[in-house]
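Undergrad: need a 3D model of the sequence below.
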Amino acid sequence: MKTAQQIAEIKQTLMDKGVEYCMGAYVDIHGVPKGKVVPIGHLDQMAQGSERYTGYALDGLGQSPHEDELTSMPDLDHIIQLPWEPKIAWMPADNYFKGEPYALSTRVALQNVIKQANAMGFGFNLGIECEIYLLKREADGSLSVPEPDNKLNKPCYDLQGFVDQFGWLDEVSSTINALGWDLYSLDHEDGNSQYEFDFNYADALTSCDRFIFFRFMAKHYAKQRGLIATTMPKPFADKTGTGAHFNMSLYDIHSGDNLFKRDATSADDPWGLGLSDTGYYFIGGLLKHGRALCAAFAPTVNSYKRLVRQGAMSYFSWAPVFNSWGSNNRTNAVRVPAGGGRCESRNADGAVNPYLAATLALAAGLEGIREKIDPRQPNEDNLYAISEAERRERGIEFLPQNLLESIEAFDADPFVAATLGEELKKEFIHYKLQEWNSYHLHVSQWEIDRYSTIF
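TA: Numbering: from 1, shown residues only. Model prediction:
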């Protein structure tokens, strides 16, 4: 909690910048931002939890209609003044219940596990790669690529496709840099009219806040152009899916040193990947719980149409299908990029609730460190091409292949309840089973086209 004097100073600074409204943005179980808007004159009350919410009105907050309301506490250390509407200040927020942090708030859950890491002497750094499609919605509701000439079979790094949407790309990029996130790369990605923005990593809470805001901001600038920006995991069956790869490392909370980085002169690196023992053990934890983690990293029905070797595409998908790890090998779920010092979970997609996924990933990694879990030999070959016999011989498990299978893995692993608490675990399962059942009971056009005249 900030002191009254600190809140007054923040309030005055915001007023001096032209802010007239404060938006407290917490997220529901899906990672979708929700909140109320308060005039700047009432920031003092807002900062003390004046804004109350009926939890039953939102997905995943575990309330019934008769229960007392939740409150929302804005994080005044992570304020973003909306670049396109400077009268509004966006404030990431946490849910509280009767004066205490609410256990079913995923942002609260992440902070709880970060405290556990801190007690072990660790801080948690996270970088999230932001892939996103810029598309047009047709009159029939379907999605299409705005530029008809953007139809290469392999459009990755295509400069014409980049320049054709430079106006939107420039707006998003300029905003990222104006916010101080340090954009260091952007490109046309592997799907037609798909783009990637890479900005600097930060502590995990900050990176998750930024990812939520990135989706909000990118959609706004697209809408201004009559287009839609979507991080939907697989908008087209024959094009690459949308990832949100998690790049993770731990640092010493006193010195700031990267604890995943092995000294380049060290001769005892067991796999020669530039990763410390701490980093290898962290990966061991990720793999131990990899099938359960998949439900948080890939949380929708559509996610599992991305997690395929090839599917309807004419070439391999780049997306992981195995609970495996390796060096700079993109057929693994977890890879160690060249140079080491971090690991990347590749099954995270654009629909991820970053707070929930980061909570479970960090907790799994910490367990790996505590228990010194050996990730075993890295996989350096093309796992898409190995035989079933070789996969079994090497002990490589498949990741879940649909949402129901991932929910079952999530439910079956005691680690999940130990990390999230039984209630948050149950809420996630409840809403994801609803999603699966709704999908499973829907009769699609594909089924009508395939079966109605055959039988």
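Undergrad: which SSE is A93 in?
TA: strand 88-97 (DSSP states H and E).
Undergrad: ranges for the strands of the stretch 51-200 of the chain?
TA: 52-53, 70-74, 80-81, 88-97, 100-101, 122-128, 130-137, 143-144, 183-188, 194-199 (DSSP state E, counting those that start in this stretch).
Undergrad: of these, which is nearest F214?
TA: Of all the strands of the stretch 51-200 of the chain, strand 130-137 sits nearest to F214, with 5.3 Å by C-beta to C-beta. Heads up, the C-betas are built off the backbone N, CA and C, glycines and all.
Undergrad: give me the residues contacting that closest one.
TA: 143-146, 165, 168, 189, 191, 193-199, 211, 214-215, 218, 222, 226-232, 235, 242-244, 350 (C-beta atoms under 8 Å, 6 or more residues apart in numbering).
Undergrad: following the strand or helix carrying L366, which helix or strand comes up?
TA: Assigned by DSSP H and E, L366 belongs to helix 354-371. Next in sequence after helix 354-371, counting helices and strands by DSSP H and E, comes helix 388-393.
Undergrad: other SSEs contacting that next one?
TA: Counting contacts by 3 or more C-beta pairs under 8 Å, 6 or more residues apart in numbering; DSSP states H and E, helix 388-393 is packed against no other helix or strand.
Undergrad: which residues touch it?
TA: Identification of contacts with helix 388-393 by C-beta under 8 Å, 6+ apart yields F322, L383.
Undergrad: for stretch 400-409, same thing?
TA: 291-292, 294-295, 298-301, 303-304, 307, 321, 399, 429, 432-433, 435-436, 439-440.
Undergrad: in that stretch, what's buried?
TA: Across stretch 400-409, burial judged by 16 or more other C-beta atoms under 10 Å covers P400, N402, L403, L404, E405, S406, I407, E408, A409.
Undergrad: closest to N332 out of the residues you listed?
TA: Nearest to N332 among the buried residues of stretch 400-409: P400, at 16.0 Å, using C-beta to C-beta.
Undergrad: what's the separation between the nearest residue to K372 once chain neighbours are set aside and F260?
TA: Counting by C-beta to C-beta, 6 or more residues apart in numbering, Y281 is the residue found nearest to K372 once chain neighbours are left out, at 5.4 Å. Distance, Y281 to F260, using C-beta to C-beta, to the nearest Å: 10 Å.
Undergrad: the two - which one has more neighbours?
TA: Neighbours were counted for Y281 and for F260 using other C-beta atoms under 10 Å; F260 has more, 25 against 22.
Undergrad: show me the contacts for I386.
TA: R394.
Undergrad: related to what we said a few turns ago, let me know the angle separating the strand holding A93 from helix 354-371.
TA: Strand 88-97 runs at 60 degrees relative to helix 354-371, counting by axes from the mean of the first three to the mean of the last three C-alpha atoms, to 10 degrees.
Undergrad: hang on, isn't E67 packed against Y56?
TA: Yes: using C-beta atoms under 8 Å, E67 is in contact with Y56, at 7.2 Å.
Undergrad: now F197: closest residue in space that isn't a chain neighbour?
TA: Going by C-beta to C-beta, 6+ apart, F197 has C130 as its nearest residue, at 4.5 Å.
Undergrad: C-alpha coordinates for stretch 58-78, CSV please?
TA: Below are the C-alpha coordinates for stretch 58-78, written out as CSV (Å, rounded to 0.1, in the frame of the first residue of the first chain):
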residue,chain,number,x,y,z
LEU,A,58,-17.1,-12.5,-14.3
ASP,A,59,-15.5,-15.8,-15.5
GLY,A,60,-13.3,-17.5,-13.0
LEU,A,61,-13.6,-15.4,-9.9
GLY,A,62,-15.4,-18.2,-8.0
GLN,A,63,-18.4,-16.3,-6.6
SER,A,64,-22.1,-17.0,-6.3
PRO,A,65,-24.8,-14.3,-6.5
HIS,A,66,-25.3,-14.1,-2.8
GLU,A,67,-21.7,-13.4,-1.9
ASP,A,68,-20.0,-10.2,-0.8
GLU,A,69,-18.3,-8.1,-3.5
LEU,A,70,-14.7,-8.1,-4.5
THR,A,71,-12.6,-5.0,-4.6
SER,A,72,-9.9,-3.9,-6.9
MET,A,73,-6.5,-2.4,-5.9
PRO,A,74,-4.6,-0.6,-8.6
ASP,A,75,-0.9,-1.1,-8.9
LEU,A,76,0.4,2.4,-8.8
ASP,A,77,3.9,1.3,-9.8
HIS,A,78,2.8,0.1,-13.3
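Undergrad: so where's the stretch 351-455 of the chain shaky on pLDDT?
TA: Across the stretch 351-455 of the chain, nothing is flagged by pLDDT under 70.
Undergrad: out of the strands of the stretch 51-200 of the chain, which comes closest to K11?
TA: strand 88-97 (10.0 Å).
Undergrad: could you dump the closest one to CSV, C-alpha only?
TA: Presented in CSV, the C-alpha positions along strand 88-97 are these (Å, rounded to 0.1, in the frame of the first residue of the first chain):
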residue,chain,number,x,y,z
ILE,A,88,-7.0,7.9,-19.3
ALA,A,89,-4.4,6.2,-17.1
TRP,A,90,-4.4,2.4,-17.2
MET,A,91,-3.5,0.8,-13.9
PRO,A,92,-3.0,-3.0,-13.6
ALA,A,93,-5.0,-4.2,-10.6
ASP,A,94,-5.4,-7.0,-8.2
ASN,A,95,-8.6,-8.4,-6.7
TYR,A,96,-9.1,-8.3,-3.0
PHE,A,97,-11.8,-9.8,-0.8
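Undergrad: that strand versus strand 70-74: what angle between them?
TA: Using the same axes, to 10 degrees: strand 88-97 against strand 70-74 is 140 degrees.
Undergrad: tell me the mean pLDDT over strand 88-97?
TA: The pLDDT scores in strand 88-97 average 96.
Undergrad: note down every partner strand of that strand and its orientation.
TA: Counting by DSSP bridges, the strands paired with strand 88-97 are strand 21-27 (parallel), strand 70-74 (antiparallel), strand 80-81 (antiparallel), strand 100-101 (antiparallel).
Undergrad: how about those in a markdown table, adding distance to L383 and mean neighbour count?
TA: Formatted as a markdown table, the strands paired with strand 88-97 follow (distance: least, C-beta to C-beta, whole Å; neighbours: other C-beta atoms under 10 Å):
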| stretch | distance to L383 | mean neighbour count |
| --- | --- | --- |
| strand 21-27 | 34 | 24 |
| strand 70-74 | 44 | 24 |
| strand 80-81 | 40 | 18 |
| strand 100-101 | 41 | 12 |
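Undergrad: save those as JSON lines, and put in mean pLDDT and distance to A119 too.
TA: Converted to JSON lines, the strands paired with strand 88-97 look like this (pLDDT from 0 to 100; distance: least, C-beta to C-beta, whole Å):
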{"stretch": "strand 21-27", "mean pLDDT": "96", "distance to A119": "25"}
{"stretch": "strand 70-74", "mean pLDDT": "94", "distance to A119": "23"}
{"stretch": "strand 80-81", "mean pLDDT": "97", "distance to A119": "30"}
{"stretch": "strand 100-101", "mean pLDDT": "94", "distance to A119": "17"}
